[in-house]
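Chemist: sequence and predicted model, in that order:
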Amino acid sequence: MGSRMMHYCITSEINKQIYSSQESRIHLGGLAPDLTHPVHAPKSVTHFVRINSEGKKKTDYEFFAQKFSGYFNDSFYVGYLSHLVADHIWYEKMYLKLIKALPEEERQAAIDKGYRDFRRLNKLLLRDYPLSPPTEVPLIDNVKIDGLYPEYLPVIADQLHNDFHIEESFTPDDLEIYNLDEILEYIRLSIKETLAVLHAKALIQR
């Protein structure tokens, strides 16, 4: 699904709109569902994936919002929700069109191109979102979410720090499979939908 940098752009904007950029836990929540190393946490579990009667996958962020509705005073859960919302949108807008629609024998090559694009996008996105890496990695020891091992969250925080350290210069024309404007629209849509869910379900009192 989306990259760490994309999720960080999303939580940074939500942090600005809800918390005046004062929260740090929101960023770890926004990265947490993808924490699969050094422990094995199946993404189907950490992403609350449901499969409907037609066999179509869905990241069920509404189920997550309902299950943990009493915990959204902690911005970690706001960040976690944003990740699930963003991954649902990515699946519908990006994966089905650019990967799933390909013949099976071509999909892995497209996935590999996508990962190379993620690295290029780490640099390109900073033009529209002039961010710095988080300066604080707070201890997360009071969160109980299926498949999540909070003690390993500093690992994914370090990975995000590394995403900022890219020396090469890239242009949008260097992208192999993704389009920068479409990625920026995906980020905006993920922010908008997350905020809509938070307000519609009265999960935050702001």
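Modeler: That came through, no problem.
Chemist: sketch out the low-pLDDT regions of this protein for me.
Modeler: Scanning the chain for pLDDT under 70 picks out 37-40, 205-206.
Chemist: list the buried ones in the longest helix seen in the chain?
Modeler: Criterion DSSP state H: the longest helix present in the chain is helix 104-128. Within helix 104-128, the residues that count as buried by 16 or more other Cβ atoms under 10 Å are 110, 113-114, 117-118, 120-126. The way it works is simple: take the backbone N, C-alpha and C, and place the C-beta from them, glycine included.
Chemist: which one of these is nearest K201?
Modeler: L125 (28.8 Å; Cβ to Cβ).
Chemist: now do the contacts for the closest one.
Modeler: 5-6, 9, 183-184, 187 (Cβ atoms under 8 Å, 6 or more residues apart in numbering).
Chemist: who wins for neighbours among the residues you listed?
Modeler: Counting by other Cβ atoms under 10 Å, C9 has the largest number of neighbours within the contacts of L125, with 26 neighbours.
Chemist: next SSE downstream of the longest helix of the chain?
Modeler: helix 153-163 (DSSP states H and E).
Chemist: now that following helix - C-alpha only, PDB.
Modeler: Only the C-alpha atoms of helix 153-163 are listed here, as PDB (Å, rounded to 0.1, in the frame of the first residue of the first chain):
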ATOM      1  CA  LEU A 153       7.800   0.700  17.000                       C
ATOM      2  CA  PRO A 154      11.200   2.400  17.300                       C
ATOM      3  CA  VAL A 155      12.300   0.100  14.400                       C
ATOM      4  CA  ILE A 156       9.800   1.500  12.000                       C
ATOM      5  CA  ALA A 157      10.500   5.000  13.300                       C
ATOM      6  CA  ASP A 158      14.100   4.500  12.400                       C
ATOM      7  CA  GLN A 159      13.100   3.300   8.900                       C
ATOM      8  CA  LEU A 160      11.100   6.600   8.400                       C
ATOM      9  CA  HIS A 161      14.200   8.600   9.500                       C
ATOM     10  CA  ASN A 162      16.200   6.700   6.800                       C
ATOM     11  CA  ASP A 163      13.600   7.600   4.200                       C
END
